[in-house]
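Engineer: have a look at this prediction, sequence included:
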Amino acid sequence: MSQSAGRHLLLVVNPTAGHYTEQRLTNFVQQLEHIGCDVQVELTRRQGHSTEIVRSYLARNTPDIIIAGGGDGTIAEIAQAMMKAPCALALWPIGSANVLARELHIPFDDAENAALLARGTRRTVWPGQITTAEQTTPTLFLQMAGVGLDGWIVQNLSPMLKKHTGRVAYVIAALQLALSRPLPPFKTRVDGISHRTVLSIISKGRLYGGPFALFHHNLHHQPAFSVLLLHRLNPLLIIWQMIMMRLKRRPSSNPAFTILTGETIICDHTSPIPAQSDGDFRGVTPLRITSAPTLLKIIAPPQPVAPSTPSQRSTSGRNTKRR
Ligand SMILES: Nc1ncnc2c1ncn2[C@@H]1O[C@H](COP(=O)(O)OP(=O)(O)OP(=O)(O)O)[C@@H](O)[C@H]1O
């Protein structure tokens, strides 16, 4: 009898996610049933609906695993409702970018993913949380948050273009913004040290925008973030960095940006600067980013041996200056 026999799974699916098809869902459910799981499928109908589905489901049931069928936005919404639940989260990566799934080495082949679910190996991850002045409850994110350029991009992104071109839509929006108007600089404080930035990327993972490695380490296993602070916006620099990322080279040292690690990040400005996390708009500055108070269990292959813990440092040597 398989290890997964009798496991009760809730599969929450975003049917608007980049790589969803009805046929793919039918096949995936059959694969899960084939390994002995009892699967309940719920389709979302609007943004935020997956949080409501999971909350009301957990009030009445105790599933063994909740599967997030979608991209990073759907995963974050489901995690938001699961923080105190004893069950594990699994990923069915059918989104456009699927950054967290790439980061955790979740198989993109559905049969292999079902086999991973059958084995049930778990990792714990430490989510981040973003709190704005208008929120009473912080919003969780599992992969990354971006303030400034990233927030403007998500605010200006055409959903139709995203549906048809996937990640290319973000590049088009970034170049449009970079060429159209000067973006206001704002203040980002990383563990008390203040920097002037036009974009701050605060990440648990190594990857950004899909398969591109932006940082050396993934910090999912500890209450810290990798932080990239872009000090000025130069379209040529952005194109150059994209080429380097495409070639899977990490950003080189450059006076235009600083890379460091930190635990508490505060962004502020006299006028509101937009922020996104895991690909969705999250409000405006002033805002504060810290680690969530609880860990989350995720079905994933075992974590590769981690390199030594990075201490707070800067690749451009500028993190000690106050701006
Ligand atoms: N039925 C729905 N209709 C409209 N929006 C939805 C629906 N279900 C979920 N959403 C929203 O769609 C947004 C994007 O979803 P998701 O992250 O799953 O897919 P994606 O954008 O294709 O993938 P990725 O985040 O990996 O690029 C999320 O904000 C989610 O709340």
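Structural biologist: Sure, I can see it.

Engineer: which residue is the nearest non-sequential neighbour of Glu295?
Structural biologist: Glu isn't right for residue 295; it's Leu. Taking C-beta to C-beta, 6 or more residues apart in numbering, and ignoring the residues beside it in sequence, Leu295 has Thr124 as its nearest neighbour in space, at 4.5 Å. (C-beta placed from N, C-alpha, C; glycine too.)

Engineer: since we're on the one you found, how many residues are nearby?
Structural biologist: Using other C-beta atoms under 10 Å, Thr124 has 14 neighbouring residues.

Engineer: checking my notes, it in a strand, right?
Structural biologist: Yes. According to DSSP: H, G, I helix; E, B strand; the rest coil, Thr124 belongs to a strand.

Engineer: ranges for the helices of the stretch 151-300 of the chain?
Structural biologist: In the stretch 151-300 of the chain, the segments counted as helices under DSSP state H, counting those that start in this stretch are 159-165, 168-180, 235-246.

Engineer: surely the residue nearest to Leu295 and Ala292 touch.
Structural biologist: No. Thr124 is beyond contact range of Ala292, at 11.9 Å (criterion: C-beta atoms under 8 Å).

Engineer: per-domain residue ranges of the chain.
Structural biologist: The chain is divided into the following domains under automatic domain parsing: 8-120, 128-293.

Engineer: circling back to that earlier point, of the helices of the stretch 151-300 of the chain, which shows the lowest average pLDDT?
Structural biologist: Mean pLDDT values for the helices of the stretch 151-300 of the chain show the minimum at helix 235-246, a mean of 66.

Engineer: thinking again about what came up before, can I get the domains of the chain in TSV including distance to Pro301?
Structural biologist: Putting the domains of the chain into TSV (distance: least, C-beta to C-beta, whole Å) gives the following:
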stretch	distance to Pro301
domain 8-120	5
domain 128-293	13
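
Engineer: export these to JSON lines and append columns for distance to the ligand.
Structural biologist: Converted to JSON lines, the domains of the chain look like this (distance: least, C-beta to the nearest ligand atom, whole Å):
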{"stretch": "domain 8-120", "distance to the ligand": "2"}
{"stretch": "domain 128-293", "distance to the ligand": "4"}
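
Engineer: now tabulate these in JSON lines and tack on mean neighbour count.
Structural biologist: Converted to JSON lines, the domains of the chain look like this (neighbours: other C-beta atoms under 10 Å):
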{"stretch": "domain 8-120", "mean neighbour count": "19"}
{"stretch": "domain 128-293", "mean neighbour count": "19"}
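
Engineer: lowest average pLDDT across those?
Structural biologist: Note on the domains of the chain: lowest mean pLDDT is at domain 128-293, with a mean of 87.

Engineer: contacting residues around the closest residue to Thr285 other than its chain neighbours?
Structural biologist: On the basis of C-beta to C-beta, 6+ apart, the spatially nearest residue to Thr285 that is not a chain neighbour turns out to be Ile273, at 4.4 Å. For Ile273, the contacting residues are 147-148, 151, 184, 186, 267, 284-285, taking C-beta atoms under 8 Å, 6 or more residues apart in numbering as the criterion.

Engineer: what ranges do the strands span in the stretch 201-323 of the chain?
Structural biologist: The residue ranges that make up the strands of the stretch 201-323 of the chain, judged by DSSP state E, counting those that start in this stretch, are 207-208, 212-213, 225-230, 257-262, 265-268, 274-277, 280-284, 287-291, 296-299.

Engineer: rewinding a little: can you tell which of the domains of the chain is closest to Gln303?
Structural biologist: Each of those has some distance to Gln303 by C-beta to C-beta; the shortest is domain 128-293, at 6.8 Å.

Engineer: end-to-end on that closest one?
Structural biologist: The first residue of domain 128-293 is 9 Å away from its last residue (C-alpha to C-alpha, to the nearest Å).

Engineer: contacts only, for the residue nearest to the spatial centre of the chain.
Structural biologist: Computing the C-alpha centroid of the chain and ranking residues by C-alpha atoms, centre = their mean puts Gln143 first, at 2.9 Å. With contacts defined as C-beta under 8 Å, 6+ apart, the neighbours of Gln143 are 72, 76, 99-100, 103, 203-205, 207, 278.

Engineer: most widely separated two among these?
Structural biologist: Taking C-beta to C-beta, the two most distant members of those are Ala76 and Leu207; they sit 15.4 Å apart.
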